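**Q** model this:
(one chain, ligands or ions: 2)
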Amino acid sequence: MTVLTSSLTPTGLAAARKHTALPKADALVEALPWIARHQGKTIVIKFGGNAMVDDKLKAAFAEDILFLHHAGLRPVVVHGGGPQISSQLERLGLESQFTGGLRVTTDETMDVVRMVLAGQVQRELVGLLNRHGPHAVGMTGEDARLMTADKTYAEIDGEQVDIGRVGEVTDVDAGVVEALLDDGRIPVISSIARSTDAEDAADGGVFNVNADTAAAALAAALDAEMLMILTDVEGLYADWPHSEEVIPRLSATELENLIPDLASGMIPKMQGCLHAVSNGVRAARVIDGRVKHSLLLEIFTDEGIGTMVVPDGTPHKGAAA
Ligand SMILES: Nc1ncnc2c1ncn2[C@@H]1O[C@H](COP(=O)(O)OP(=O)(O)O)[C@@H](O)[C@H]1O
Ligand SMILES: CC(=O)N[C@@H](CCC(=O)OP(=O)(O)O)C(=O)O
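**A** Ligands and ions are numbered 1, 2, ... in the order given. Alright, predicted model coming up:
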């Protein structure tokens, strides 16, 4: 409701202010216990390429990250860019092919992946965050040897399928990320890793790592409080694509039993959540990145949405939230 304050008496004005200010104050007060709980904690946030297609959403995401930063949390952003890579490949007349949720990556494709992730998507996010101050620093897994990877294969019907220069993270040297966080910066990381093979690495060999996989490996290495994966669905659907009923909560074992039945983009996401909570992260969540400020709603209010994965034995209410 719009209130024309200019036509109000002083008493009416105070009442109108109360009317609009109270919900705002209530929201701030509601955030207090969550801010206290998460202060000083590292949170890894994966921003999916599919949730990144809208400019307003991207700007709101940057605001959310800055809010976390100024509230005393230590956010680390890992970004995707699958659709952006596919568009660039199409422009170059190259075909995109996915096997088991992973992009088949030839040497030529790898050059495009690197160019789009590190040269476009990461630059844009860093730019959005730095509109508000000198906060964000972009890097890939190649920088300071942050992430090292071995060639991985897709598994289709129990068979290993060669998908080219796709890597599985074998080692994370998180020192550089810790140093940036300690310096009050917001690391923004692209999912490209250096090869474990010394000869290949000396030749500039890098691997295309799925961004969910990279975010999970980083969350585990950083001993993060939480891994948040923002995507273009509300969470993990129980019976996708037939129903949109979201599974609100899963223990690690429950998820492990579900993984063989998952399809496409959800495979690396849920494998990542499982890896994170099996390696010290207290909770991993898949949430709807199409909802403006979903990150703030998820972290600072009682209105948690999406799917939460927790280590086995985590009590139901509060502890991991
Ligand atoms: N069980 C499921 N629940 C929800 N989405 C699913 C499920 N299985 C497969 N999907 C697909 O996974 C997609 C999300 O993965 P992906 O496209 O890789 O997104 P992102 O770019 O955020 O990583 C959804 O849009 C949906 O099409
Ligand atoms: C191996 C592999 O599939 N790499 C991904 C990396 C980007 C990514 O993961 O982006 P989203 O999070 O937006 O899907 C790719 O080439 O598309």
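**Q** After the host helix or strand of P23, heading C-terminal, what element do we hit next?
**A** Here P23, judged by DSSP states H and E, is contained in helix 10-38. Tracing the chain C-terminally past helix 10-38 and defining elements by DSSP H and E, one meets strand 42-47 next.
**Q** which residues touch the helix or strand following that following strand?
**A** Note on strand 42-47: by DSSP H and E, the next helix or strand toward the C-terminus is helix 55-70. Residues external to helix 55-70 that are found in contact with it (CB atoms under 8 Å, 6 or more residues apart in numbering): 43, 45, 47, 51-52, 75, 77, 124-125, 128-129, 131-132, 135, 186, 230, 289-290, 292-293, 295-296, 299. All C-beta spots, glycine's among them, are computed from the backbone N, C-alpha and C.
**Q** Tell me the secondary structure at the nearest residue to V177 once chain neighbours are set aside.
**A** Leaving aside its chain neighbours, V177 sits nearest to P187 (5.1 Å; criterion: CB to CB, 6 or more residues apart in numbering). Recorded secondary structure, P187: strand (DSSP: H, G, I helix; E, B strand; the rest coil).
**Q** what's near enough to touch P187?
**A** Contacts of P187 by CB under 8 Å, 6+ apart are V76, V77, A136, V137, G138, M139, V177, L180, L181.
**Q** Pick out the most distant pair among these.
**A** Checked with CB to CB, these reach their widest spread between G138 and L181, with 14.5 Å between them.
**Q** of the two, who's got more company?
**A** Taking other CB atoms under 10 Å, G138 and L181 do not tie; G138 has more neighbours (22 against 18).
**Q** So that one lies in a strand, does it not?
**A** Yes - when three-state DSSP is applied, G138 is found to be in a strand.
**Q** now the one residue in the stretch 151-300 of the chain that gets nearest to ligand 2: how far from ligand 1?
**A** Per CB to the nearest ligand atom, A211 is where the stretch 151-300 of the chain lies closest to ligand 2, at 3.4 Å. From A211 across to ligand 1, the span is 6 Å (CB to the nearest ligand atom, to the nearest Å).
**Q** before we move on, what about H135?
**A** In terms of CB to the nearest ligand atom, H135 sits 24 Å off from ligand 1.
**Q** In space, what's closest to that residue - neighbours in sequence excluded?
**A** In space, H135 is closest to I186, 4.8 Å off (CB to CB, 6+ apart).
**Q** Same question for L296, what's its three-state structure.
**A** Going by three-state DSSP: L296 is helix.
**Q** which one is it nearest to, not counting chain neighbours?
**A** D64 (5.1 Å).
**Q** what's the neighbour count on the one you found?
**A** Neighbours around D64, by other CB under 10 Å: 23.
**Q** likewise V137?
**A** 18.
**Q** Show me what it is bridged to.
**A** P187 (DSSP bridges).
**Q** Pretty sure it sits against G184.
**A** No - shown here, V137 and G184 do not form a contact pair, counting by CB atoms under 8 Å, at 10.6 Å.
**Q** For the residue sitting nearest the centre point of the chain, give its distance to C273.
**A** With distances taken as CA atoms, centre = their mean, the residue of the chain nearest its centroid is K46 (0.9 Å). For K46, the distance to C273 equals 10 Å [CB to CB, to the nearest Å].
**Q** Then I65?
**A** 20 Å.
**Q** between those two, who's got more neighbours?
**A** Between I65 and C273, C273 has the larger neighbour count (other CB under 10 Å), namely 30 against 27.
**Q** where along the protein do the strands fall?
**A** Taking DSSP state E as the test, the strands found in the chain are 42-47, 74-79, 98-99, 102-103, 136-140, 147-156, 159-172, 186-190, 192-195, 206-208, 226-231, 249-251, 283-288, 307-310.
**Q** In CSV, list these along with mean pLDDT.
**A** As requested, these are arranged in CSV below (pLDDT from 0 to 100):
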stretch, mean pLDDT
strand 42-47, 98
strand 74-79, 98
strand 98-99, 92
strand 102-103, 94
strand 136-140, 98
strand 147-156, 93
strand 159-172, 96
strand 186-190, 98
strand 192-195, 96
strand 206-208, 97
strand 226-231, 96
strand 249-251, 96
strand 283-288, 96
strand 307-310, 96
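**Q** Mind checking those strands for the one nearest to T9?
**A** strand 283-288 (44.0 Å).
**Q** List the contacts of the closest one.
**A** Contacts of strand 283-288 (CB under 8 Å, 6+ apart): 51, 216, 219, 225-236, 269-270, 272-274, 276-277, 294-295, 298, 304-310, 314, 320-321.
**Q** what's the burial count for the residue in the stretch 1-150 of the chain positioned nearest to ligand 2?
**A** For the stretch 1-150 of the chain and ligand 2, the shortest gap (CB to the nearest ligand atom) falls at G80, measuring 2.1 Å. By the criterion of other CB under 10 Å, G80 has 28 neighbours.
**Q** hang on, isn't it packed against S191?
**A** Yes - assessed by CB under 8 Å, G80 is found in contact with S191 at 7.4 Å.
**Q** can you list residues touching both of the two?
**A** By CB under 8 Å, 6+ apart, the residues touching both G80 and S191 are A211.
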